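In: generate coordinates for the sequence data below:
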Amino acid sequence: MNSQAIFCVTSKGVELALKINEKFESDIFVLEKFVVHKTISFNSLKEIVRENFLEYRYLVFIMATGIVTRVIAEHIQTKDIDPAIISIDETGTFVIPLLSGHLGGANEKSKDIADFIKAIPVITTATDISGKIAVDSLAQNLNCKLKDLESTKNITSMILQGKKVEIKLPQNISLDNKNSEGFILVTNKENIEYTQIIPQNICVGIGCKKDTSSENILDFLKELFQQQNLSLKSIKVIASAWVKMNEHGLLESAKILGKQIVFYEKADILEFEDMVEEKSDFVKETIGVYGVSEPCAFLASNRKGKFLIKKAKKNAVTISLFEEKKKKKYFEERRENE
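Out: Alright, predicted model coming up:
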């Protein structure tokens with residue numbers, strides 16, 4: 001998914017879009033009669049939005065909110081799928097996050113844009129205006145996935161009502177205790193609302209023979225995640241070698257999972273080739289490295305953490321799982337501001 005697109009329908013809108021692009025790199029879509037250098041022309045706003053609605057993380061519209069509402073209405077699904085939608089008037093006075101304020105990051109992006117163009121961010125989400133934290137906002141700041149939307153809504157509602165809600169965090173994103181697979185709850189309450197956010201901190205390295213099907217890759221990946229008691233939502237990125245850039249089964253697997261896939265060059269893999277424990281002479285003779293999955297999983301990570309699975313092989317597929325360890329900067333910053 002690309003980062004940001006800006007849509008304009010007036011000459012003033014184009015000027016403002018180009019200014020925003022100075023700090024926030026964007027693809028700028030402009031009504032044909034106003035097209036200038038470094039912009040992309042369109043004839044129908046409805047059609048260009050339809051083509052690009054899910055292609056960008058942020059969609060910024062420099063036009064009236066009424067126009068934006070009508071043009072995005074038929075594409076809206078759920079907050080865990082929808083991109084962040086932001087509306088700005090052509091004079092650059094107000095920046096309004098319209099959709100996916102928390103989980104999509106529209107609120108924070110609106111504040112950043114407003115600060116840059118000296119505008120007023122208009123934030124209307126209940127938790128923000130009351131100075132409280134929403135569960136989906138927490139998930140977005142920690143780069144986590146929500147387990148489900150219903151429990152997220154229930155817990156956020158409790159926070160808004162001023163009820164006490166505890167946050168319990170595993171080691172790989174916060175404190176010094178183990179990444180638990182269960183917990184003991186001591187309470188005299190008969191009914192307890194809870195929700196779960198899932199850190200995206202598993203880097204998956206994959207090697208496979210030519211023309212391996214996505215079915216084989218995904219079946220093996222799911223098997224390994226079940227063995228480790230991991231959610232597929234915890235995948236941060238999938239990584240492989242440069243020679244697999246056009247491997248259909250691998251690309252299709254990443255698409256089905258909705259995850260980014262990256263490919264590393266031979267020189268990058270050779271730098272960490274020593275971590276390949278079970279070296280393959282065949283792979284070395286074929287592509288010049290002893291192994292793919294371990295170095296690629298490590299290269300795709302923040303280099304802090306551990307291998308949960310160094311290498312597993314099945315049906316011409318090799319998979320390595322690296323779990324990143326993350327710090328609790330977000331919580332430390334919030335405590336400092338309280």
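In: tell me where the stretch 201-338 of the chain has helices.
Out: 214-227, 248-257, 266-271, 281-287, 293-299, 329-337 (DSSP state H, counting those that start in this stretch).
In: looking at these, which is closest to residue 76?
Out: With C-beta to C-beta, the closest approach to residue 76 among the helices of the stretch 201-338 of the chain belongs to helix 248-257: 22.1 Å. Every C-beta, even on glycine, is put in place using the N, C-alpha and C of the backbone.
In: give me the angle between that closest one and helix 214-227.
Out: Relative orientation of helix 248-257 versus helix 214-227 (axes from the mean of the first three to the mean of the last three C-alpha atoms, to 10 degrees): 50 degrees.
In: now helix 248-257: buried residues?
Out: Neighbour counts using 16 or more other C-beta atoms under 10 Å place 249-251, 253-254, 257 of helix 248-257 among the buried residues.
In: thinking again about what came up before, ranking the helices of the stretch 201-338 of the chain by burial, who's on top?
Out: helix 293-299 (a mean of 26; mean count of other C-beta atoms under 10 Å).
In: thought residue 193 was touching residue 159?
Out: No: here residue 193 lies out of contact with residue 159, judged by C-beta atoms under 8 Å, at a distance of 10.5 Å.
In: more neighbours: which of those two?
Out: More crowded of residue 193 and residue 159, by other C-beta atoms under 10 Å: residue 159, with 18 against 12.
In: which other helices and strands does the helix or strand hosting the more buried one contact?
Out: Following DSSP states H and E, the helix or strand that holds residue 159 is helix 149-160. Counting contacts by 3 or more C-beta pairs under 8 Å, 6 or more residues apart in numbering; DSSP states H and E, helix 149-160 is packed against helix 126-129, helix 135-141.
In: could you export the ones you listed as JSON lines, including distance to residue 291?
Out: Output for those, formatted as JSON lines (distance: least, C-beta to C-beta, whole Å):
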{"stretch": "helix 126-129", "distance to residue 291": "47"}
{"stretch": "helix 135-141", "distance to residue 291": "34"}
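In: helix/strand/coil for residue 29?
Out: Three-state secondary structure (criterion: DSSP: H, G, I helix; E, B strand; the rest coil) places residue 29 in strand.
In: got any ranges where this structure has weak pLDDT?
Out: 1, 127-131, 168-188, 326-338 (pLDDT under 70).
In: mind giving me the domain ranges of it?
Out: As recorded under automatic domain parsing, the domains making up the chain are 2-124, 135-198, 200-324.
In: what's the burial count for the closest residue to residue 45 other than its chain neighbours?
Out: Nearest residue to residue 45 in three dimensions, chain neighbours excluded: residue 71, at 5.7 Å (C-beta to C-beta, 6 or more residues apart in numbering). Residues contacting residue 71 under the criterion other C-beta under 10 Å number 21.
In: give me the element residue 71 is part of.
Out: helix 65-72.
In: the next helix or strand after that helix pairs with which strands, and in what direction?
Out: Downstream of helix 65-72, the first helix or strand assigned by DSSP H and E is strand 84-88. Strand 84-88 pairs in its sheet with strand 56-62 (parallel), strand 94-99 (antiparallel), by DSSP bridges.
In: how far away is residue 201 from residue 26?
Out: Residue 201 is 28 Å from residue 26, where distance means C-beta to C-beta, to the nearest Å.
In: swap in residue 162?
Out: For residue 162 relative to residue 26 (C-beta to C-beta), the value is 40 Å.
In: for burial, what's the neighbour tally of residue 98?
Out: 19.
In: residue 151 now?
Out: Residues lying near residue 151 (other C-beta under 10 Å) number 15.
In: and the closest residue to it other than its chain neighbours, how many neighbours?
Out: Nearest non-adjacent residue to residue 151, counting by C-beta to C-beta, 6+ apart: residue 195, 3.6 Å away. Using other C-beta under 10 Å, residue 195 has 21 neighbouring residues.
In: repeat that for residue 190.
Out: 5.
In: surely residue 71 touches residue 49?
Out: Yes: if you go by C-beta under 8 Å, residue 71 and residue 49 touch, sitting 5.1 Å apart.
In: spell out the secondary structure type for the nearest residue to residue 62 once chain neighbours are set aside.
Out: Spatial nearest neighbour of residue 62, excluding adjacent residues (C-beta to C-beta, 6+ apart): residue 13 at 3.8 Å. The three-state assignment at residue 13 reads helix, by three-state DSSP.
In: with the one 10 residues further on instead?
Out: Using three-state DSSP as the criterion, the local structure at residue 23 reads coil.
In: dihedrals phi and psi, it?
Out: With angles defined as degrees, to the nearest 10, residue 23 sits at phi -110, psi -40.
In: coming back round to it: so what's the residue nearest to residue 62 up against?
Out: By C-beta atoms under 8 Å, 6 or more residues apart in numbering, the residues touching residue 13 are 30, 34, 62-63, 90.
In: and those residues, which is closest to residue 43?
Out: Each of the contacts of residue 13 was checked against residue 43 using C-beta to C-beta; the closest is residue 30, at 10.9 Å.
In: doesn't residue 41 make contact with the closest one?
Out: Yes: the criterion here is C-beta under 8 Å, and residue 30 meets it with residue 41 at 6.0 Å.
In: so which of these two has more stuff around it?
Out: The neighbour comparison of residue 30 against residue 41 (other C-beta under 10 Å) goes to residue 30, with 25 against 13.
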